[in-house]
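1. Quick check, what structure comes out for this input:
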Amino acid sequence: MFFNDQEQHHLPHFHAIYGEYSGSFSLDGEIITGNIPKKQLKLIAAWATIHMEELEALWKSVQETGEYFTIKGLE
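-> I've put the predicted structure just below:
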């Protein structure tokens, strides 16, 4: 997750990278921009659903304090 007031990072989102592919996703797992294979899109959407509360808390934390924390990935 990235946050920078100088750039257009006001919409809550996260970034995902898979090999040479990358994308930006809304906190509910919908792709905003990028190029990720269909199978991985489904995994990212499932992960976002599982971690929705953590994603929202992380976005809020970064905006308010600039502090990040790690959210467990898929295994």
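2. show me where this structure has helices.
-> For the chain, helices defined by DSSP state H occupy the ranges 38-50, 52-65.
3. Mean neighbour count, distance to Phe25 and mean pLDDT for those - can I get that in JSON lines?
-> The way it works is simple: take the backbone N, C-alpha and C, and place the C-beta from them, glycine included. Shown next, in JSON lines, are those (neighbours: other C-beta atoms under 10 Å; distance: least, C-beta to C-beta, whole Å; pLDDT from 0 to 100):
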{"stretch": "helix 38-50", "mean neighbour count": "14", "distance to Phe25": "6", "mean pLDDT": "96"}
{"stretch": "helix 52-65", "mean neighbour count": "14", "distance to Phe25": "9", "mean pLDDT": "93"}
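4. mind giving me JSON lines with the ones you listed and columns for distance to Ser24?
-> Listed next are the helices of the chain as JSON lines, based on distance: least, C-beta to C-beta, whole Å:
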{"stretch": "helix 38-50", "distance to Ser24": "11"}
{"stretch": "helix 52-65", "distance to Ser24": "13"}
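5. Next one: the spatially most central residue of the chain from Ala57, what distance?
-> Geometric centre of the chain, nearest residue: Phe14, 1.9 Å, by C-alpha atoms, centre = their mean. Distance of Phe14 to Ala57, given as C-beta to C-beta, to the nearest Å: 13 Å.
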